[in-house]
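Peer 1: Let me see the structure of the following:
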Amino acid sequence: MTSPQWKTTSPVPLTRENFLELLAGQVPLILESEFISSEVSEKVLACLQPKFTPYLHATGPSVDKVGISQFEFQAQSVEDLKTRRGDEKQRYFDEVAKVAHLHDELASQVGANIWAAVVKAIAALVPEYDVDVAKELDGRQYFSGIFRQINNGVPPHCDWCPHDCHTEEWIIRHITCQAVFNLYLTPSRGGATTIYDVQWSPEALEHRDPETYGYARALVDDRPRCRWQPAVGQLCIFNSRNMHEVKPIEEGDPARIAMASFMGILPSEVTGGRPRLMFWS
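Peer 2: Prediction:
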């Protein structure tokens, strides 16, 4: 189990120093309230509501989405590892092609591109990095900015592509750190997220649930933690290598909907030039 790394258990604002420390696993959460207005949130939701469909593959609680996630095509359980077909990457990029213009289409209806606004705000902090959507060496581009409806919670888990994507040669396997942003479009009394000061390491696999992507609670019990409640327009960024979980929403709450994307640093030894901050969902 990794040693505690955080300097604080409180959220910090979106600054260059805080962003770099978050990538390094030294702070738990960047939180910006009212990153977008409630009016923009309502317009986006009105466009999205008829389009939600279940994840194509998820071994934990059900999740609905608009867009596509690379997670839907990676091995999530021991059984998944036994049944890989070998065409997972191509099927993912086939699905990407179907939603490649999602954010441009939304922007034409809403009057604002909320995905581009988040990426622009983050890119401004790190001018030494090239910033773009992740793409394979052959030019195939990933999708970034999935909308997820997570009403039933998710168990303690982490998202760390150097391990999670080891079954195929995905470019995101080569990142040196990984974070995720969530831009919340709805409020809720339940649905809180908790992140723990414990990062994935090979030893964590001793606590892995073989039937899902989750980990046993013993891995996070008694560790420092940071908890936050979704609010309309709130932007949250955290290091997804840290264990985190989501509680179910409460009865009577609206659906828990947020736009999300991972990001990670592809180092110079892979790019052959400047480091690249890549985004994908």
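Peer 1: Any stretches of the stretch 1-150 of the chain with poor pLDDT?
Peer 2: Applying pLDDT under 70 to the stretch 1-150 of the chain flags the ranges 1-2.
Peer 1: switch the cut-off to 90
Peer 2: Counting by pLDDT under 90, the stretch 1-150 of the chain shows low-confidence ranges at 1-4, 60, 75, 81.
Peer 1: Burial check on residue 16, number of neighbours?
Peer 2: 11 (other C-beta atoms under 10 Å). Just so you know, the C-beta spots here come from the backbone N, C-alpha and C atoms, and that holds for glycine as well.
Peer 1: Find the nearest non-adjacent residue to it, please.
Peer 2: residue 125 (4.3 Å; C-beta to C-beta, 6 or more residues apart in numbering).
Peer 1: How about the contacts made by the one you found?
Peer 2: Residue 125 is in contact with 14, 15, 16, 19, 20, counting by C-beta atoms under 8 Å, 6 or more residues apart in numbering.
Peer 1: and if we set it to 10 Å?
Peer 2: By C-beta atoms under 10 Å, 6 or more residues apart in numbering, the residues touching residue 125 are 14, 15, 16, 17, 18, 19, 20, 131, 277.
Peer 1: do the same with residue 37
Peer 2: 43, 112, 232, 233.
Peer 1: try it again with 8 Å
Peer 2: If you count contacts by C-beta under 8 Å, 6+ apart, residue 37 has them with residue 233.
Peer 1: swap in the one 10 residues further on?
Peer 2: For residue 47, the set of contacting residues under the criterion of C-beta under 8 Å, 6+ apart consists of 106, 109, 110.
Peer 1: Within its sheet, name the partner strands of the top strand by length along the chain and how each one runs.
Peer 2: Counting residues, the longest strand found in the chain (DSSP state E) is strand 257-266. Applying DSSP bridges, strand 257-266 is found paired with strand 146-149 (antiparallel), strand 178-184 (antiparallel), strand 276-280 (antiparallel).
Peer 1: which other residues reach the second one?
Peer 2: So that's strand 178-184. Contacts for strand 178-184 (C-beta under 8 Å, 6+ apart): 22-23, 35-36, 114, 118, 122, 159-161, 193, 230-241, 257-264.
Peer 1: Confirm that residue 213 lies within a helix, as I assumed.
Peer 2: No. Counting by DSSP: H, G, I helix; E, B strand; the rest coil, residue 213 is located in no helix; its state is coil.
Peer 1: okay, now the nearest residue to it once chain neighbours are set aside: neighbour count?
Peer 2: Spatial nearest neighbour of residue 213, chain neighbours left out: residue 76 (4.5 Å); criterion: C-beta to C-beta, 6+ apart. Using other C-beta under 10 Å, residue 76 has 21 neighbouring residues.
Peer 1: related to what we said a few turns ago, out of the contacts of residue 125, which end up buried?
Peer 2: 14, 18, 19, 131, 277 (16 or more other C-beta atoms under 10 Å).
Peer 1: can those residues go into CSV with extra columns for distance to residue 251 and secondary structure?
Peer 2: Shown next, in CSV, are the buried ones among the contacts of residue 125 (distance: C-beta to C-beta, whole Å; DSSP: H, G, I helix; E, B strand; the rest coil):
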residue, distance to residue 251, secondary structure
14, 34, coil
18, 36, helix
19, 37, helix
131, 41, strand
277, 40, strand
